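In: Build me a structure from this.
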Amino acid sequence: MSDLAFRSATELAALIRAKEVSPVELVETYLGRIEKLDDQLNSYVTVAGDQALESARRAEEAVASGDELPPFHGVPISIKDLQETAGIRTTLSTKALADYVPDEDENAVRRIREAGFIILGKTNTSEFGSVPVAESQLNGITRNPWDTDRTPGGSSGGAAASLAAGLCPISQGADGGGSIRIPSSCCGLYGLKPSRGRVSAGPRLGEHWHGFSGVGPIARTVKDSAALLDVLSGYETGDPYWAPPPERPFADEAGVDPGALRIAYTTTNPNEIDPDPEVVAAMQDAASLLESLGHHVEEAALAWVDQELAPAFVQLIASGTAVLDFLGPENMEPLNAYLLETAREMPSVVHMQALTKAHAFARKVVAFWDDYDVLLTPTLALPPVPVGWIFEEEDPLMQLLRSGFFIPYTPAANVTGQPAASVPLYWNESDLPIGVQLIGPPAGDALLIRLSAQLEEARPWTERRPAVS
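Out: Residues are numbered from 1 along each chain as shown. Have a look, this model is predicted:
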């Protein structure tokens, strides 16, 4: 079957049910592609080949027996190496955990397995996901399949690079400041950050980074993303946040007419960083497309320019790193050692002031959705930057500052808890993808899925292939 590796996850699930493709054939296809191509990308840090093949054989037997099958029975998937996977090495891209094999799945991973997915392996990230690239001292540099001199973004960079290159049909990512949307923009994929509380962070964590971070899908198609969100979503006992249940499955929203929406667009961002002209062109192109689809589109400034947000965000990320205090700063890369030392020395008063600033920022920003349905912005301020660009600066503070120059648009939705997506509508003259960001109202995941699917139908992107594929 031609182009099998680039079929969508929902298509593959249907082919398995129809007995037109076997789970073993699929796993062997992706393992073969990983062996052939991943030397150029370094997207996987652990390939669970033997386990995946054994799971595929069991899945094939279940198909033959006529058993009732879960929705993604026999479909391979990649898992970000920040998520704990029972029986599969989980490093968090830190040398201190180089040989750590958990005995328990995270709730999100457990749901992925229960849905019938087969885990191919773990994908690269920065240490603890702290910077917007996929580069670490332990696991090395992940490269962009569109241009291997460029980053695939991060921190879910391995997840996006592996998917874009056809080394899996769908990927799990996580987003604490843009880490799903950033690599989706860099790799020409659809990345959806769900609403806060949509996906459980348990069982070990009640929240991560004060509720800023959450697990979500990176996919080729909007429908795949929505269907994986259905798998991931749902309250788990003791979760400190939970989003209201959807009226119907998110997968059913893909293809539903979103109606004529009030869409605002802006190139301003909380850090007042000027975006690259190519990034502006991508956003203006998207605005024109949305207007042609019947939406009311206008430029509008929202009150999110806030020079106090960035330092408060860093303080809160630092205090979130305190969860890993048992590792000790001496076992961490300089940036995370700096964040941990900052957390250790931070008075509780300063921490609470930072949290209060974040909450005040969120209330101020979310009020914008009283007048609009969706906000359109660039996803990133720059096209994909060269590999190593963040770490050209040796000072950890300068690494954080340089990260901010790259990603000034994405963290705001993590602070507010709103759903946000990066949509791949634009490629520059160098054939590098440049995504645009859609931010929906609180708990408005379904609205974003409807609008994103409409854009996908108007300008399909799934037939594009990167150089390494």
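In: Please give me every residue in contact with S126.
Out: 93, 132-136, 154-155, 157 (C-beta atoms under 8 Å, 6 or more residues apart in numbering). (Each C-beta comes from the backbone N, C-alpha and C, glycine too.)
In: Break down the stretch 151-300 of the chain into its strands, ranges please.
Out: 171-175, 190-193, 214-219, 262-265, 296-299 (DSSP state E, counting those that start in this stretch).
In: how far away is A52 from A9?
Out: Counting by C-beta to C-beta, to the nearest Å, the separation of A52 from A9 is 15 Å.
In: ditto for A301
Out: 39 Å.
In: In terms of neighbours, single out the busier of these two.
Out: A9 (27 against 11; other C-beta atoms under 10 Å).
In: Phi and psi next, for T410.
Out: When read as degrees, to the nearest 10, the backbone of T410 gives phi -90, psi -40.
In: Just give me how far the helix or strand of the chain with the lowest mean pLDDT sits from the chain centre.
Out: Lowest on mean pLDDT, DSSP states H and E among the helices and strands of the chain sits helix 309-321, with a mean of 88. Centroid separation for helix 309-321 versus its chain: 20 Å, with C-alpha atoms, centre = their mean, to the nearest Å.
In: cool, stretch 188-202 as well?
Out: 7 Å.
In: What of stretch 25-32?
Out: 24 Å.
In: Please spell out which residues along it are buried.
Out: In terms of neighbour count (16 or more other C-beta atoms under 10 Å), stretch 25-32 has its buried residues at 25-27, 29-31.
In: Could you do stretch 458-465 as well?
Out: 461-462.
In: And the average pLDDT for it is what?
Out: For stretch 458-465, the mean per-residue pLDDT is 97.
In: That one: how far from the chain's middle?
Out: So, by C-alpha atoms, centre = their mean, the centroid of stretch 458-465 is 19 Å from its chain's centroid.
In: Now do it: everything it contacts.
Out: 6, 8, 166, 188, 190, 220-221, 289, 292-293, 424-425, 427, 433.
In: Any idea how far apart the tips of that stretch sit?
Out: End-to-end distance of stretch 458-465 (C-alpha to C-alpha, to the nearest Å): 19 Å.
In: Tabulate the buried residues of stretch 25-32 (JSON lines), appending distance to S200.
Out: Converted to JSON lines, the buried residues of stretch 25-32 look like this (distance: C-beta to C-beta, whole Å):
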{"residue": "E25", "distance to S200": "33"}
{"residue": "L26", "distance to S200": "28"}
{"residue": "V27", "distance to S200": "27"}
{"residue": "T29", "distance to S200": "32"}
{"residue": "Y30", "distance to S200": "27"}
{"residue": "L31", "distance to S200": "30"}
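In: List just the nearest of these to P246.
Out: L26 (28.9 Å; C-beta to C-beta).
In: can you put the strands of the stretch 151-300 of the chain in a markdown table and add distance to A310?
Out: Listed next are the strands of the stretch 151-300 of the chain as a markdown table, based on distance: least, C-beta to C-beta, whole Å:
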| stretch | distance to A310 |
| --- | --- |
| strand 171-175 | 18 |
| strand 190-193 | 19 |
| strand 214-219 | 21 |
| strand 262-265 | 23 |
| strand 296-299 | 24 |
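In: Quick one: closest of those to A251.
Out: strand 214-219 (11.2 Å).
In: Where do the strands of the stretch 301-450 of the chain begin and end?
Out: So, for the stretch 301-450 of the chain - with DSSP E, counting those that start in this stretch - the strands run 374-378, 420-427, 433-439.
In: what is the mean pLDDT for the first one?
Out: Mean pLDDT, taken over the full extent of strand 374-378, equals 98.
In: wait, which of the strands of the stretch 151-300 of the chain is closest to G328?
Out: Going by C-beta to C-beta, the one of these nearest G328 is strand 171-175, 23.7 Å.
In: name the helices or strands packed onto that closest one?
Out: strand 76-80, helix 107-114, helix 157-164, strand 190-193, strand 214-219 (3 or more C-beta pairs under 8 Å, 6 or more residues apart in numbering; DSSP states H and E).
In: same thing but 6 Å
Out: In terms of contacts (3 or more C-beta pairs under 6 Å, 6 or more residues apart in numbering; DSSP states H and E), strand 171-175 is packed against strand 76-80, helix 157-164, strand 214-219.
In: For P378, find the nearest of those.
Out: helix 157-164 (17.3 Å).
In: mind checking how far the closest one is from the chain centre?
Out: For helix 157-164 - counting by C-alpha atoms, centre = their mean - the centre lies 10 Å from the chain centre.
In: quick one: that helix to strand 420-427, angle?
Out: Counting by axes from the mean of the first three to the mean of the last three C-alpha atoms, to 10 degrees, helix 157-164 lies at 50 degrees to strand 420-427.
In: and for helix 157-164, what are the contacting residues?
Out: With C-beta atoms under 6 Å, 6 or more residues apart in numbering as the contact definition, helix 157-164 has outside contacts at 41, 43, 78, 80, 123-124, 134, 142, 145, 152, 168, 171, 173, 183-184, 187, 189, 218, 466.
In: again, but for stretch 180-190
Out: Contacts for stretch 180-190 (C-beta under 6 Å, 6+ apart): 132, 144, 152-154, 156-157, 160, 164, 173, 191, 193, 216, 218-219, 222, 225, 379-380, 384, 407, 410, 422, 424, 433, 435, 464.
In: hey, C-alpha coordinates of stretch 151-162 in PDB?
Out: The C-alpha coordinates for stretch 151-162 follow below in PDB (Å, rounded to 0.1, in the frame of the first residue of the first chain):
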ATOM      1  CA  THR A 151      15.700  23.200  15.000                       C
ATOM      2  CA  PRO A 152      12.300  21.400  14.900                       C
ATOM      3  CA  GLY A 153      11.400  23.500  17.900                       C
ATOM      4  CA  GLY A 154      10.600  22.200  21.300                       C
ATOM      5  CA  SER A 155      10.400  21.200  23.700                       C
ATOM      6  CA  SER A 156       8.300  18.400  21.900                       C
ATOM      7  CA  GLY A 157      10.800  18.700  19.100                       C
ATOM      8  CA  GLY A 158      11.400  14.900  18.700                       C
ATOM      9  CA  ALA A 159       7.700  14.300  18.700                       C
ATOM     10  CA  ALA A 160       7.200  16.800  15.800                       C
ATOM     11  CA  ALA A 161      10.300  15.800  13.800                       C
ATOM     12  CA  SER A 162       9.400  12.100  14.000                       C
END
